[in-house]
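> Next comes the sequence, and after it the predicted model I'd like to discuss.
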Amino acid sequence: MAIRNFPRMAATALLGTVALAASLTAVAAADKVTFLTSWFAQAEHGGFYQAKATGLYDKAGLDVTIKMGGPQINGAQLLLAGDADFIMGYDIQVLKGREQNQPLVTVATSFQFDLQGIMAHDDVADLAALKGRPILIAGSSRITFWPWLRAKYGFTDEQIRPYTFNLQPFFADKTVAQQAYPSSEPYQAEQQNEKVKFFLFADGGYPPYGSTIVTTEKMIAEKPDVIARFVKASLEGWKDYLKNPGPGNALIKADNSKMTDGQIDYALVKMKEMKVIDRGDAATLGVGIITADRYKQIYDFMVAGGLLDPKVDWHKAFDDRFVKDLKIMN
């Protein structure tokens with residue numbers, strides 16, 4: 001009996017071996033990708049962690065490693081050195097890089113606007129009311145949003161005080177305002193029972209995108225298919241994260257042990273309220289969209305503020321081919 005069934009058993013075993021080999025080949029064939037974020041893991045990075053946690057990257061044939069950024073990490077430098085394939089960047093960084101002949105290219109964005117703003121005490125009516133008051137900003141902010149605030153609201157450099165990511169100076173002085181993100185510093189203030197207001201720069205016309213996906217000309221030339229798959233899976237991750245954040249949150253907390261459920265929940269509420277992924281152009285063109293019109297606005301803003309040499313070719317700072325036809329609607 002055993003001898004009679006041997007051919008069938010052998011064939012079954014062979015099929016199993018072939019299937020296993022095919023599976024191993026598929027795993028081995030996955031393209032390895034390293035993505036470097038801009039800060040310690042948080043809800044604002046949730047789409048990427050969601051894509052990792054739910055297998056969206058795996059389904060796209062990608063073996064993605066997400067590395068956290070931080071205050072002492074120069075993402076653009078690591079990208080250009082080949083230590084990362086993509087970074088979470090911002091438009092001013094990319095355009096300034098192009099000015100220095102760095103082949104940086106924005107290929108998609110997480111958010112349709114920069115989440116940067118100012119947190120003030122609750123007696124402040126609006127941004128204009130902060131003229132003449134001390135404002136805590138980081139050194140890097142002098143070449144990003146500060147020139148815009150000067151031009152739009154008449155702020156002066158005499159108002160600047162150093163921001164060291166410690167909120168105690170803000171709590172101690174009711175005349176002080178400081179740079180902030182809507183889901184971070186206001187949450188910390190709330191935990192201290194401090195009443196504050198948050199003013200989003202984008203509401204006043206500040207043009208940059210937020211948390212962009214940046215790569216290099218070399219990557220675009222050599223691995224456009226990898227870029228297309230990474231962008232699509234990441235944007236699908238963003239769509240899924242805002243609906244069912246559990247898987248992404250688990251990975252965020254695994255990477256950043258200081259991240260609390262309360263902080264994440266607060267951030268999620270704010271991101272949904274502000275429609276971070278589907279505001280503006282994304283409402284009709286899809287999540288992650290970047291456009292030439294918007295990039296021209298960013299270029300014009302930088303040139304007008306003396307932040308960029310007008311000779312910089314802004315067209316080379318972005319490539320919309322990876323997002324313009326996706327139409328991922330939230």
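Yep, that arrived.

> going forward, measure contacts and count neighbours with C-alpha atoms only.
Fine.

> and stretch 296-309, which residues are buried?
By neighbour count on 16 or more other CA atoms under 10 Å, the buried set for stretch 296-309 is 298, 299, 300, 301, 302, 305, 307, 308, 309.

> Of all the residues you listed, the one with the weakest confidence?
Among these, residue 305 has the lowest pLDDT, at 88.

> That one: what's it in contact with?
By CA atoms under 8 Å, 6 or more residues apart in numbering, the residues touching residue 305 are 147, 148, 151.

> Kindly report the same for residue 132.
155, 156, 159.

> Which among the contacts of residue 305 count as buried?
Buried among the contacts of residue 305 (16+ other CA under 10 Å): 147, 148.

> of the contacts of residue 305, closest to residue 248?
Nearest to residue 248 among the contacts of residue 305: residue 148, at 34.5 Å, using CA to CA.

> Quick check: which element contains the closest one?
Element membership for residue 148 (DSSP states H and E) is helix 146-153.

> hang on, the earlier thing: switch the buried residues of stretch 296-309 over to a markdown table; also include secondary structure and distance to residue 63.
A markdown table is the format used below for the buried residues of stretch 296-309 (DSSP: H, G, I helix; E, B strand; the rest coil; distance: CA to CA, whole Å):
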| residue | secondary structure | distance to residue 63 |
| --- | --- | --- |
| 298 | helix | 33 |
| 299 | helix | 35 |
| 300 | helix | 38 |
| 301 | helix | 38 |
| 302 | helix | 37 |
| 305 | coil | 41 |
| 307 | coil | 38 |
| 308 | coil | 37 |
| 309 | coil | 39 |
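
> Can I get the contacts of residue 305 in TSV including pLDDT?
Formatted as TSV, these follow (pLDDT from 0 to 100):
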residue	pLDDT
147	92
148	93
151	91
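
> Please convert the contacts of residue 305 to TSV, extending it with distance to residue 314.
Shown next, in TSV, are the contacts of residue 305 (distance: CA to CA, whole Å):
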residue	distance to residue 314
147	19
148	19
151	22
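
> Of the contacts of residue 305, which is the nearest to residue 163?
Of the contacts of residue 305, the one sitting nearest to residue 163 (CA to CA) turns out to be residue 147, at 16.8 Å.

> how much distance is there from stretch 87-95 to the middle of the chain?
Relative to its chain's centre, stretch 87-95 lies at 10 Å (CA atoms, centre = their mean, to the nearest Å).

> Same question for stretch 224-244.
Taking CA atoms, centre = their mean, one finds stretch 224-244 lying 12 Å from the centre of the chain it belongs to.
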